[in-house]
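Q: Below is the sequence, then the predicted model.
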Protein chains: 4
Amino acid sequence: MLCVRVWRGLSPLCRGHLSAWKRSQSRTAASRLDLSGMYPPIATPFTPEEDVDYQKLEGNLQKYAKIPFKGLVVQGSNGEYPYLTEEERVEVVKTVRRSLPTDKLLMAGSGCESTRATVQLTEKMAAAGADVVLVVTPCFYKGKMDGRALIQHFTKVADSSPVPVVLYSVPANTGLELPLDAVVQLSQHPNVLGLKDSGGDISRIGLIVHKTKTQDFQVLAGSAGFLMAAYSVGAVGGVCALANVLGRELCELESLCVSGRWEEARGLQQRLIEPNAAVTRKLGVPALKQAMEWFGFHGGACRSPLQPLTEAETQQLRRDFSSNGWL
Amino acid sequence: MLCVRVWRGLSPLCRGHLSAWKRSQSRTAASRLDLSGMYPPIATPFTPEEDVDYQKLEGNLQKYAKIPFKGLVVQGSNGEYPYLTEEERVEVVKTVRRSLPTDKLLMAGSGCESTRATVQLTEKMAAAGADVVLVVTPCFYKGKMDGRALIQHFTKVADSSPVPVVLYSVPANTGLELPLDAVVQLSQHPNVLGLKDSGGDISRIGLIVHKTKTQDFQVLAGSAGFLMAAYSVGAVGGVCALANVLGRELCELESLCVSGRWEEARGLQQRLIEPNAAVTRKLGVPALKQAMEWFGFHGGACRSPLQPLTEAETQQLRRDFSSNGWL
Amino acid sequence: MLCVRVWRGLSPLCRGHLSAWKRSQSRTAASRLDLSGMYPPIATPFTPEEDVDYQKLEGNLQKYAKIPFKGLVVQGSNGEYPYLTEEERVEVVKTVRRSLPTDKLLMAGSGCESTRATVQLTEKMAAAGADVVLVVTPCFYKGKMDGRALIQHFTKVADSSPVPVVLYSVPANTGLELPLDAVVQLSQHPNVLGLKDSGGDISRIGLIVHKTKTQDFQVLAGSAGFLMAAYSVGAVGGVCALANVLGRELCELESLCVSGRWEEARGLQQRLIEPNAAVTRKLGVPALKQAMEWFGFHGGACRSPLQPLTEAETQQLRRDFSSNGWL
Amino acid sequence: MLCVRVWRGLSPLCRGHLSAWKRSQSRTAASRLDLSGMYPPIATPFTPEEDVDYQKLEGNLQKYAKIPFKGLVVQGSNGEYPYLTEEERVEVVKTVRRSLPTDKLLMAGSGCESTRATVQLTEKMAAAGADVVLVVTPCFYKGKMDGRALIQHFTKVADSSPVPVVLYSVPANTGLELPLDAVVQLSQHPNVLGLKDSGGDISRIGLIVHKTKTQDFQVLAGSAGFLMAAYSVGAVGGVCALANVLGRELCELESLCVSGRWEEARGLQQRLIEPNAAVTRKLGVPALKQAMEWFGFHGGACRSPLQPLTEAETQQLRRDFSSNGWL
């Protein structure tokens, strides 16, 4: 696989050409970007007027630079991307690009509901400095988003994208799961690198790894709650909201899993499940941002209609961290 | 209530002032726009290159002008609004406004995920000629879109909207239902006129009518499948995808219900359930557009990733119309 | 159709023979039992030791005798039938039979998970005096209970049953809905009289009436929340938990619907939705039994594991009745 | 912990007394039965007339005796227990007891809908030779089966059971999950040994292990699809339908996991996911029994209403085994 540093040394245009070149070649392992490792899907700080607070964003980036992340995901679900304008989405990626050390990957969310909008935003994200784009399943017409529609959508996006594509399945938000057969078929596309799976069905994750074995297809766990289990069945990394808060600990868990120290990993994994559930499924992005404040990062308020936590929710959140020894 | 013609005679700015004035007054029945009647949530025709086909749109509008609709809904779910850019969304409304007879209401969808984007698009829609805006529930962070968040969202939008607001609950697409208690509370807002309910839970619809009785709150059935039942429990109209195809028939059903001719209504209602299911839940917007072609309207292809019907689906669609005597 | 009094005058054996005879004849309207009307699905009172309290049961029956019900349903979901032994199930039916005026129908639940058990219990129920059996969909292996399996199940039961069969679909408890196509096919069986539909999808109910029009198939609404709407689209009666509490009022609602006095019906229907939701979906059988106590019937405790209401639930229940003018 | 051989040497009565004694003592690890290992939840063979075929059952038992299972589960979901009469349920357990080597555990399903029926059947199962009972969550009144009701149910059953109790959560069949907080509270009951979790939410499984750490509470994976992942987060064994077919392979997977050979385990686990899905979620008990036939066991038909596989389903089943190298 290509290491990040070499890949990053190329201009977006060069990377586009390289991807095009790759598509014309028989694919070899050497030509694939290595995604393995831990990524925080970073939050977007806002001012009290709900504008993007680029200064606070940079403050967080400086802190993240000291943690052994493989890279950052910008505008995953935790980045409140559906609440940003297209201009803001691109500007945030440019800001991250300027701060990010050259040996770190920048994976940018570029998914929209229509194929044409996704194609266009993907190009802008590549031009803004994204090494890889993360493309969520369209979901509004969920009754019609079957394998046929989704394969066509992702194929068109991957065909035209200047940078490699990571598929993104997050049923808790979209109400649909990218079907396994579609994943397997899309894994054969030379510009589709892997999948971020936030659904957490561990049998499915194992089966995807199994059925894409010959494709050098890379699966990333989309939540810290099942990170160790995902590693056990063949995932190569994680994009975990909780990494915004407990980044070092998640990198340590990753390292224990990769080096086969499962007994040590288990205890650490178990202590991370409740805090993870609190900042995702149970209390969502407002809780993630509250916990970031407690751990020295800039969190702050969400854009409306996301509401601040109630007092009872804040206490619940604190308990979920403290009862596991994190506060 | 204000009749449409008077309301339409006012400029958007005047209408804004009037709404502001209304909000400062004790509300009376006379000050409310009368929504009762039938509305097709119009489809958006595209060229083969997937651009909006304004010419074909106008062709449809001329045909709809001859049907006794109360008005048109532009950019309900069947208008593929999540696939349009903001500029396209506004331009389509302007186009409809130019064609629409002045005694017909123009209800424009202006819902976005964030509150600030919804506020801004609402203003643009009013300026483009919308008499009323239809505001869908935000849904991406569905786990956090509880009553508290949704009441705050709709209140902010209604507070600033120059035109009255109709709430829009469509769980098949959004994966969430606007909670009944939130509907009841929002019904007290002077700039919230009513609700389009596409969920089809008829006990809920009856209860909403019951609990908003003192508010002159108007409930529209969001689908032809339960139109008669909705009338029976107190709804005052319908926004029905099938009205794009069988508009006269739905206006007749409405008229039978309003005039208490339930026996005649029943037979007609029963024959409409299967065609309605075919163009909504079962086969979606591509089927709606196919059926429009059969009945003399411009339908055509959807924007990607929505796919054309397969041959088998087209046959199923035809059967669902023909077995009920419509083809 | 056969009126109840004539049907009841026949012994179970005769009724079995008559059914067999009917199956060998072309079916005519005259040969069908008329189900139209209102039925309470009666609750089963227990002693403090959780034994069936037959004395209290008879007390309730005497009170129900004065209400113009079409009959009683014994061992619908509200009868806690899954908590009764087979012996108790049969004994309760015998008890009801002894008390019930001869012009009232006795519809007894005889559904079990296996086909053979359902066949056997159906025979026992007929022998115990049931005029009709109500057969719920088996549901434990819900992933395999498709149309094919359910059609075979109900066909075997109807083939061998000495009395007519009413299908019973109650997804809130079983987690599955009897598919529409299966209902339509089963409606052609000479010993299948109708359907109790507790799912409340009013489009489905209208479509079932429409597609079984030539079969003299009778649909009963399974809940008071959508009773009027069900009548509007063609249902002929209701089996409503709330009829255990507000029996006269539901009979009045039925009468208003049947005689086409929809305006009067609407106000009454609306006031019944919240009390109905309270004793079914929201708070369940324990709430039904509590409300029965308030209205002069014997309710009492449920069998474990059903728990008594908490104090907060009891207050909620009271509010749902009192705010609608019933307490 | 008590090894099986010693435990089995005691009469049911003794075991009951021992349990009672245990409840009066402070619990120590030594007093707990060790459940760790692999169990097939055995299928129930039927004759062509759908009677239990005890001879074929014994044929299977002889074959299973040669596989290093920890024991057998009789009347888990795959045993079609909801289709057996109480007499049959007890008789099947007696038959297994006679055949089973004394060093193997017999875990018998004794769950019923009512608490009193579960208490009684639990006693009969212990008397028939069960070492442990497996008690499924009651589920018909699922809206009322909250933590409070389920804790009371399982507590009463465990209080009176002569043998230890294993909780059983299987949402695919019951439509509800035993809440995590209820599991944690019940883990403190001296006669509750562990949990069979068939839901497959691996974060939940890890969290249950974590939160019951001080209780010597044993978690068994309820399906082969997530067996390795469950081991990775702390489960101690598995009750896997697929063990009826590929018992040796699952015992090998268990052994690889227990001995920390995760790399070897991974490849084996991945090849088992599709066959497992085929005999459970996708095609159910009829597929399990068909696959048993292919691998030399007696499977045969299910009791009605479970239907035999269609030809297309049989081919799908074969592909799911053959494409993974098992046929």
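A: It's in.

Q: who in chain A is up against chain D?
A: Residues of chain A lying near chain D by Cβ under 8 Å from any Cβ of the partner chain: A:200-203, A:206-207, A:209-210, A:223, A:225-226, A:228-230, A:232-234, A:260, A:262-263, A:266, A:269-271, A:273-274, A:276-277. For every residue, glycine as well, the C-beta is placed using N, CA and C.

Q: Can you tell me which of those residues are buried?
A: A:200-203, A:206-207, A:209-210, A:223, A:225-226, A:228-230, A:232-234, A:262, A:266, A:269-271, A:273-274, A:276-277 (16 or more other Cβ atoms under 10 Å in any protein chain shown).

Q: Please flag which of those sit within helices.
A: A:202-203, A:206-207, A:209-210, A:228-230, A:232-233, A:262, A:266, A:269-271, A:273-274, A:276-277 (DSSP state H).

Q: where does chain A have low pLDDT?
A: Applying pLDDT under 70 to chain A picks out residues A:1-31.

Q: what does it put close to chain B?
A: A:50, A:77, A:82-85, A:113-117, A:138, A:140-145, A:148-150, A:152-153, A:156, A:172-175, A:281, A:284-286, A:303-307.

Q: ok, whatever residue of the stretch 151-300 of chain A ends up closest to chain C - contacts?
A: Nearest residue of the stretch 151-300 of chain A to chain C: residue A:203, at 15.4 Å (Cβ to the nearest Cβ). The contact partners of residue A:203, by Cβ atoms under 8 Å, 6 or more residues apart in numbering or on different chains, come to D:200, D:223, D:225-226, D:273, D:276-277.

Q: Could you export those to TSV, including columns for distance to residue C:163?
A: Below are these laid out as TSV (distance: Cβ to Cβ, whole Å):
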residue	distance to residue C:163
D:200	44
D:223	42
D:225	45
D:226	47
D:273	48
D:276	44
D:277	42
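
Q: State the distance from residue A:84 to residue A:302.
A: 12 Å (Cβ to Cβ, to the nearest Å).

Q: same thing with residue A:67?
A: 23 Å.

Q: now swap in residue A:105 and tell me
A: 26 Å.

Q: Next: residue A:121.
A: 22 Å.

Q: Kindly report the same for residue A:158.
A: Residue A:158 is 32 Å from residue A:302, by Cβ to Cβ.

Q: Which one of these two is surrounded by more residues?
A: residue A:302 (26 against 23; other Cβ atoms under 10 Å in any protein chain shown).

Q: is it fair to say the more buried one lies in a helix?
A: No. Applying DSSP: H, G, I helix; E, B strand; the rest coil, one finds residue A:302 to be coil, outside a helix.

Q: so who does the residue in the stretch 51-200 of chain A that chain C sits nearest to touch?
A: Going by Cβ to the nearest Cβ, chain C is nearest to residue A:143 of the stretch 51-200 of chain A, at 15.5 Å. Neighbouring residues of residue A:143 by Cβ under 8 Å, 6+ apart: B:172, B:281, B:284.

Q: Narrow those to just the buried residues.
A: B:172, B:284.

Q: In helices only, show me the contacts of residue A:143.
A: Going by DSSP H, the helices hold B:172, B:284 from these.

Q: how about the contacts of residue A:143 in JSON lines, adding distance to chain A?
A: JSON lines is the format used below for the contacts of residue A:143 (distance: Cβ to the nearest Cβ, whole Å):
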{"residue": "B:172", "distance to chain A": "7"}
{"residue": "B:281", "distance to chain A": "7"}
{"residue": "B:284", "distance to chain A": "5"}
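
Q: residues near the residue nearest to residue A:284 when sequence neighbours are not counted, how many?
A: Leaving aside its sequence neighbours, residue A:284 sits nearest to residue B:144 (Cβ to Cβ, 6 or more residues apart in numbering or on different chains; 4.5 Å). Neighbours of residue B:144 under the rule other Cβ under 10 Å: 18.

Q: who's in contact with residue B:144?
A: A:284-286, A:306-307.

Q: Dump the residues you listed to TSV, plus distance to residue B:129.
A: Below are these laid out as TSV (distance: Cβ to Cβ, whole Å):
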residue	distance to residue B:129
A:284	38
A:285	36
A:286	37
A:306	32
A:307	33
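
Q: Narrow the residues you listed to those that are buried.
A: Buried among the contacts of residue B:144 (16+ other Cβ under 10 Å): A:284-286, A:306-307.

Q: Nearest to residue B:60 among those?
A: The nearest member of those to residue B:60, counting by Cβ to Cβ, is residue A:306 at 38.2 Å.

Q: In this structure that closest one contacts residue B:149, no?
A: Yes. Using Cβ atoms under 8 Å, residue A:306 is in contact with residue B:149, at 6.8 Å.

Q: List the residues that contact residue A:201.
A: So residue A:201 contacts A:177, D:200 (Cβ under 8 Å, 6+ apart).

Q: Would you map the helices across the stretch 1-150 of chain A?
A: A:4-9, A:12-24, A:54-64, A:86-99, A:115-128, A:147-160 (DSSP state H, counting those that start in this stretch).

Q: Return the most buried member of these.
A: helix A:115-128 (a mean of 21; mean count of other Cβ atoms under 10 Å in any protein chain shown).

Q: The closest residue to residue A:145 other than its chain neighbours: what's it in contact with?
A: Leaving aside its sequence neighbours, residue A:145 sits nearest to residue A:176 (Cβ to Cβ, 6+ apart; 5.6 Å). Neighbour list for residue A:176: A:137, A:139, A:142, A:145 [criterion: Cβ under 8 Å, 6+ apart].

Q: Show me those that map onto strands.
A: Using DSSP state E, no member of these falls in strands.

Q: buried subset of those?
A: If we count by 16+ other Cβ under 10 Å, those have these buried: A:137, A:139, A:142, A:145.

Q: ok, the third one touching residue A:174?
A: Yes. The criterion here is Cβ under 8 Å, and residue A:142 meets it with residue A:174 at 7.4 Å.

Q: For residue A:104, which non-adjacent residue is closest in space?
A: Per Cβ to Cβ, 6+ apart, closest to residue A:104 is residue A:71, 4.6 Å.

Q: Quickly list what that neighbour is bridged to.
A: Beta-bridge pairing of residue A:71 under DSSP bridges involves residue A:105.

Q: Counting neighbours, what do you get for it?
A: So residue A:71, with other Cβ under 10 Å, has 25 neighbours.

Q: quick one, what contacts it?
A: A:4, A:37, A:39, A:100, A:104-107, A:131.

Q: Which one (most neighbours) among those residues?
A: Going by other Cβ under 10 Å, residue A:107 tops those with 30 neighbours.

Q: That one contacts residue A:72, correct?
A: Yes. The pair residue A:107 / residue A:72 is scored as a contact, 7.1 Å apart, by Cβ under 8 Å.

Q: intersection of neighbour lists for those two?
A: Between them, residue A:107 and residue A:72 share the contacting residues residue A:39, judged by Cβ under 8 Å, 6+ apart.

Q: quick one on the thing from earlier: just the closest of the buried ones among the contacts of residue B:144 to residue A:318, please.
A: Checking the buried ones among the contacts of residue B:144 one by one against residue A:318 (Cβ to Cβ), the nearest turns out to be residue A:286, at 13.7 Å.

Q: Between helix B:147-160 and whichever strand or helix holds that closest one, find me the angle.
A: In the assignment (DSSP states H and E), residue A:286 maps to helix A:284-294. Relative orientation of helix A:284-294 versus helix B:147-160 (axes from the mean of the first three to the mean of the last three Cα atoms, to 10 degrees): 100 degrees.

Q: so what secondary structure elements neighbour helix A:284-294?
A: Using 3 or more Cβ pairs under 8 Å, 6 or more residues apart in numbering or on different chains; DSSP states H and E, the elements in contact with helix A:284-294 are helix A:311-322.
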